[in-house]
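*Asks:* Here's a sequence, model it:
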Amino acid sequence: MPLQPIAPEAFQKIAVGIDRPEDVVVGPDGRVFASDHQCAVAEVLPDGSFRRMGPKGGAPNGINMDAHGRILIANFGIYDRQDGPLQRFDPGSGVHETLLAEVGGRRLTSANYPVIDRGGNIWCANSTHAETWPQALDGRTDGFIFVLRADGSSDIVAEGLKFPNGMALAADERFLFCAQTSGADVLRFPILPGAKLGPGERYGPVLGSLERGAAPETTGWTDGIGFDAEGNLWVCLPAANKVVAITPEGRVETVIHDPSGEHVNHPTNVTWGGPDLKDLYIGSIRADWIAKARSPVAGQPMAHQSAAQSA
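*Replies:* Reported below is the predicted structural model:
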C-alpha cells in the first residue's frame, strides 16, 4: 500500500530557539532529546520547550541512545574546525565522555551519525577529512564507516565513501544502510560475524541531481535515514525540503515536501516515538525548531526501544 503523504501544515514547531537540531532521539520512557550546538544535548519537554544539558563543545550532530539511556553523540567537529569524536552523555549522572577520537590510526574529524545494534556495537560514519565540510561535497571518497564494538575494540569497516551520513539497521540487523550525501544515494552493507561489513551496494536509485544550480526540488543530497515498521526506508533530502521513502520493492515515494520551508526546513533526520511509535520528529540543519507530526505508519523500533518493548 502506498505511503500516505504528510501535508507540511500538519507539522507543529517545537523546541523553538534550539541551535541546529540535526537529530532527535526518543527514549523508551518517552523522553525526547535533540542535538544542540550550545550543549551536549537538549531535552525537549512535553510542553514543547527545551532545556540544555551538559557542556558546550564542538558540533553535536547525529545522536542515538544505548540500552542504559545514555546519549551517543557524533560530534561533527569539522563544522567549526575542531576534532570530531564519538561521545556519550548520561542525562542521569551528567557524565560527558569521549568514547573514540581515532580509529585505525586515523583521527576522527567529522563523526556524523551513530547507530547501535542489539549486541551493543556502535556503528558510525566519519564523513570526510576535508578542511571544511562544504569542500567535501565535491564527490571525494575520503569518508568511512567505523565500529566501536561492545568489547571495546574498534575498526574502520568500510571506506572510500562519498560523505557517508545517516545510517540505519535492518529490522533483523543483517544489513547496515548508509546515506552517501555526495552520491545522492543510499548504500547497503551486509553485517558479518565479528561486527564487520561486507561490500556495499546501492539500495534503490539515485535520488536526485548533484548539479550546482539545479532546481531545489530535484536536488539529491541525502542525509538522515530511518526505517518504518513496514520496511520503508525514509530518506531526508535537505536541499529539496523533502523526505522520500524507498519501499521494499525499490519504489521511491515522496512522503513530505515543503518547497517553502515554512514547516519542514532542510530536514536532516527522521525519528519516531510515542506509545505507538507514530509521533514523527524531523531534525534540521537550518531551522531553529524541530518539526513534529503524526506519521501514517509506525517507526521501526530502535535497539533501545526494542529492549523496552520486550521487557
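*Asks:* would you say Ile282 is within a helix?
*Replies:* No. Counting by DSSP: H, G, I helix; E, B strand; the rest coil, Ile282 is not part of a helix but strand.
*Asks:* That one is in contact with Pro267, isn't it?
*Replies:* Yes. The pair Ile282 / Pro267 is scored as a contact, 4.8 Å apart, by Cβ atoms under 8 Å. In short, each C-beta sits where N, CA and C put it, glycine included.
*Asks:* how about the closest residue to Asn61 other than its chain neighbours, what does it touch?
*Replies:* Once flanking residues are discounted, Asn61 sits nearest to Phe76: 3.8 Å by Cβ to Cβ, 6 or more residues apart in numbering. When contacts are counted by Cβ atoms under 8 Å, 6 or more residues apart in numbering, Phe76 is found next to 22, 58-61, 84, 110-112, 127, 133.
*Asks:* which residue sits closest to Val157, ignoring its sequence neighbours?
*Replies:* In space, and not counting its chain neighbours, Val157 is closest to Leu197: 4.3 Å by Cβ to Cβ, 6+ apart.
*Asks:* ugh, wrong one, I meant Gly62
*Replies:* Of all residues not flanking Gly62 in the chain, Tyr113 sits nearest, at 3.0 Å (Cβ to Cβ, 6+ apart).
*Asks:* what's the distance between that neighbour and Ser35?
*Replies:* For Tyr113, the distance to Ser35 equals 10 Å [Cβ to Cβ, to the nearest Å].
*Asks:* now swap in Thr254 and tell me
*Replies:* Per Cβ to Cβ, Thr254 is found 25 Å from Ser35.
*Asks:* related to what we said a few turns ago, go through the contacts of Phe76 and name the one with the lowest pLDDT.
*Replies:* Lowest pLDDT within the contacts of Phe76 is found at Trp133 (77).
*Asks:* now the residue nearest to that one when sequence neighbours are not counted, what's its secondary structure?
*Replies:* Nearest non-adjacent residue to Trp133, counting by Cβ to Cβ, 6+ apart: Ile78, 5.1 Å away. Classification of Ile78 using three-state DSSP returns helix.
*Asks:* rewinding a little: the more surrounded of Tyr113 and Ser35?
*Replies:* Under the criterion of other Cβ atoms under 10 Å, the comparison of Tyr113 against Ser35 puts Ser35 first, with 32 against 29.
*Asks:* could I get the one helix or strand Arg88 maps to in CSV with only the CA atoms?
*Replies:* According to DSSP states H and E, Arg88 maps onto strand 86-89. C-alpha atoms of strand 86-89 as CSV (Å, rounded to 0.1, in the frame of the first residue of the first chain):
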residue,chain,number,x,y,z
LEU,A,86,32.2,9.9,19.1
GLN,A,87,31.0,10.9,22.5
ARG,A,88,28.4,9.9,25.1
PHE,A,89,26.4,11.9,27.6
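*Asks:* And the next helix or strand past that strand?
*Replies:* According to DSSP H and E, the helix or strand after strand 86-89 is strand 96-100.
*Asks:* elements contacting that following strand?
*Replies:* strand 86-89, strand 143-148 (3 or more Cβ pairs under 8 Å, 6 or more residues apart in numbering; DSSP states H and E).
*Asks:* Extract the CA atoms of that strand and return them as CSV.
*Replies:* The C-alpha trace of strand 96-100 is given here as CSV (Å, rounded to 0.1, in the frame of the first residue of the first chain):
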residue,chain,number,x,y,z
HIS,A,96,30.1,13.6,29.4
GLU,A,97,32.9,11.5,27.8
THR,A,98,34.7,10.7,24.6
LEU,A,99,34.4,7.1,23.5
LEU,A,100,36.6,7.3,20.4
